[in-house]
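Chemist: What would the 3D arrangement of this be:
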Amino acid sequence: MTFEDFYFVIEEPILLTMKGRIKINHKEICVLQSVLMYYNGKNKCFVHDHHPIFNKCKYLMIDSGGFNIDKLYGTYPFTIRDYHNHLERIKPDYAVSLDYNTNVPSLMEYEARVASMKTTINNFIEQFDMDRTYELILPIQGNGYEERLLFLDMLSQRIDLKKVEYWGVGGGGVKATTLRQQDNFLEIRRLLCDHLNKKFNNPKIHIFGGTLTFIKKMLKKDFHFTSLDTWSWGIPIKKGKTFDKNLNALLIRETDLSINEAKQRCVLRYQRDIDFVKRLVDRNNNVEKLL
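Modeler: Numbers count the residues shown, from 1 in each chain. Here you go, the predicted structure:
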């Protein structure tokens, strides 16, 4: 397994700007944000409170929010042009096109999923043809491996696939309730990455929702991608936990840390763990210590 960058879902700029006992080197952090954090649903417009610290990170990626659109709005409450204009204001390095997640209750029927996949492709083509300063990521939709290959076939009828700048691979893993389901989602991702790597020369591939646990499960598999992201660095906070200065776990109530300092420690611990795994992977795939 090989990968290059790991994106942390971070919405609060103070985690990167706060100076004191704890400091995160923002230049070493890749940040993923949902565009929905910038959208005011009541006033139906984007707000202009993007903090410049995010543009000073290693990379900034903006997600279209497609995974949550169905339950929040039913469909996108803004146009592709509105989305593009907002992106040009905040200047990310990468942005996800306006896709529709096919793994939702409203798309149980195959015909409905195919129609949704066509809409995702239409949205991508429209935004791809715009004059952009960011690279556009296309999430490959479909339930199961075969449907995703169908998605690629449908896309190939609209654009030369070699022109796609960055592929997005999900898998619905967050809905897995059993180990068997989790393994199935992981295998779909691996097969799709393998297909893209064989079909194209060094393609960029982003894995959505690829946690540290996901990485460890994939360590000994022939699995190559460019980047992945997670929000799970914040799980200890939800359990009332953080880390000391040596990054050992402890309860927040046992410290004099502010909540933001506790969050910073969680980011640093997760970053350390990811860096450790990546060094082992880079070193002749020496991963026995983690298995």
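Chemist: Where does the prediction get shaky in the stretch 151-291 of the chain?
Modeler: Residues of the stretch 151-291 of the chain meeting the criterion pLDDT under 70: 171-182, 220, 282-291.
Chemist: and if we set it to 50?
Modeler: By pLDDT under 50, the weakly predicted segments of the stretch 151-291 of the chain are 173-174, 287, 290-291.
Chemist: And the contacts of stretch 154-174?
Modeler: The contact list for stretch 154-174, computed with Cβ atoms under 8 Å, 6 or more residues apart in numbering, reads 67, 94, 96, 99, 101, 103, 117-118, 121, 124-125, 128, 135-140, 143, 152, 182, 185-186, 188-189, 192-193, 196, 199-200, 203-209, 214, 225-226. Bear in mind the C-beta positions are built from the backbone N, C-alpha and C, glycine included.
Chemist: could you dump stretch 22-38 to CSV, C-alpha only?
Modeler: In CSV, the C-alpha atoms belonging to stretch 22-38 read as follows (Å, rounded to 0.1, in the frame of the first residue of the first chain):
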residue,chain,number,x,y,z
ILE,A,22,0.6,23.7,21.9
LYS,A,23,1.2,24.6,18.3
ILE,A,24,0.3,22.8,15.1
ASN,A,25,2.6,23.4,12.1
HIS,A,26,-0.1,24.3,9.6
LYS,A,27,2.3,24.0,6.7
GLU,A,28,2.5,20.3,7.3
ILE,A,29,-1.3,19.8,7.6
CYS,A,30,-3.6,19.0,4.7
VAL,A,31,-7.2,20.2,5.5
LEU,A,32,-10.5,19.0,4.1
GLN,A,33,-13.6,21.1,4.7
SER,A,34,-17.3,20.7,3.6
VAL,A,35,-18.5,23.6,1.5
LEU,A,36,-21.7,23.4,3.6
MET,A,37,-19.9,25.0,6.5
TYR,A,38,-19.8,28.2,4.3
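Chemist: For residue 55, grab the count of nearby residues.
Modeler: By the other Cβ atoms under 10 Å criterion, the neighbourhood of residue 55 contains 15 residues.
Chemist: hmm, I was thinking of residue 166
Modeler: 21.
Chemist: Tell me the buried residues in the longest helix anywhere in the chain?
Modeler: Using DSSP state H to assign secondary structure, the helix with the most residues in the chain is helix 259-282. Of the residues in helix 259-282, those buried under the neighbour-count criterion (16 or more other Cβ atoms under 10 Å) are 261-271, 273-274, 277-278, 280-281.
Chemist: Please apply the same query to stretch 46-62.
Modeler: Taking 16+ other Cβ under 10 Å as the neighbour-count basis, stretch 46-62 is seen to contain the buried residues 46, 50, 53, 54, 57, 59, 60, 61, 62.
Chemist: what's the span of it, first residue to last?
Modeler: As for stretch 46-62, its first-to-last residue distance stands at 14 Å under the measure Cα to Cα, to the nearest Å.
Chemist: Next: stretch 73-80.
Modeler: Using Cα to Cα, first and last residues of stretch 73-80 are 15 Å apart.
Chemist: what pLDDT, on average, does that stretch get?
Modeler: In this model, stretch 73-80 has an average pLDDT of 91.
Chemist: Give me the distance from that stretch to the chain's centre.
Modeler: Mean-position distance between stretch 73-80 and its chain equals 20 Å (Cα atoms, centre = their mean, to the nearest Å).
Chemist: hmm, back to that, for ChimeraX, write the selection for the buried entries among the contacts of stretch 154-174.
Modeler: Below is the selection syntax for ChimeraX that covers the buried ones among those, with 16+ other Cβ under 10 Å defining burial:
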select :67,94,96,99,101,103,117,118,121,124,128,136,137,138,139,140,143,152,182,185,186,188,189,192,193,196,203,204,205,206,207,208,209,214,225,226
